[in-house]
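Engineer: model the structure of this input:
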Amino acid sequence: MIYAIILSVIILFWYILFLLFIKNKISKLEKFILQKFKEKNNLIPSIYEVTKKHINKHEEIFNEILILKNKDYSESLYLFNLLERSRTYKLIHKEFDFILRVCSKHNKLEKNDKFTMIKEEIIDKSHCVWENIIKYKKAVKIFNKLINIKNITIVWLLIPINKINSI
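Structural biologist: Residues are numbered from 1 along each chain as shown. Model (predicted):
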């Protein structure tokens, strides 16, 4: 009987430890993703200036992404989390894609070293963000499964941790 209690306590201890480890990992991934989004968004003024001479209707093309950059900045001031900011980031990503497609039709821009460097950096940051979003979603899925297990046992009385919504 005493061995069963000791074993239960050990299992509960490791369960809680693993749950906290995954929650910490999710938090770190969220911070990392937000940082990479910020770095990518900070490239907007650079690409804006580099393309200014080469693109007709420059202001119209960049208007939406500049509005979204301001929205992102205000969301960061109010400390919105990744889930709350993901909609804005998806829109910014679509605008970046649109701008890069427009720019790819201009041969002078494609030959411009500054533009090429900024474009590659945007693409690298996008890939980095996407890879970490996949890791984030997997971690949230595992975490939520553990919370489901916790909620169908008596353990839910001991651990006041809830599910995390994924992006």
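Engineer: from here on, just use CA atoms for contacts and neighbour counts.
Structural biologist: Will do.
Engineer: which stretches of this structure have low pLDDT?
Structural biologist: 79, 154-163, 165-167 (pLDDT under 70).
Engineer: do you know how far L43 is from V129?
Structural biologist: As for L43, its distance to V129 is 15 Å (criterion: CA to CA, to the nearest Å).
Engineer: who has more neighbours, these two?
Structural biologist: Per other CA atoms under 10 Å, whichever of L43 and V129 has more neighbours is V129, with 20 against 14.
Engineer: report the central residue of the chain.
Structural biologist: I33 (3.7 Å; CA atoms, centre = their mean).
Engineer: quick one: contacts for E121?
Structural biologist: Going by CA atoms under 8 Å, 6 or more residues apart in numbering, E121 touches K40.
Engineer: one more pass at 10 Å, please.
Structural biologist: 39-40, 43, 115, 127 (CA atoms under 10 Å, 6 or more residues apart in numbering).
Engineer: picking up where we left off before, helix or strand for the residue nearest to the centre of the chain, just tell me which one.
Structural biologist: helix 2-41 (DSSP states H and E).
Engineer: so after that helix, what's the next helix or strand?
Structural biologist: Helix 2-41 is succeeded, C-terminally, by helix 44-51 (DSSP H and E).
Engineer: buried residues in that following helix, which are they?
Structural biologist: Counting neighbours by 16 or more other CA atoms under 10 Å, one finds that the buried residues in helix 44-51 are 44, 47-48, 50-51.
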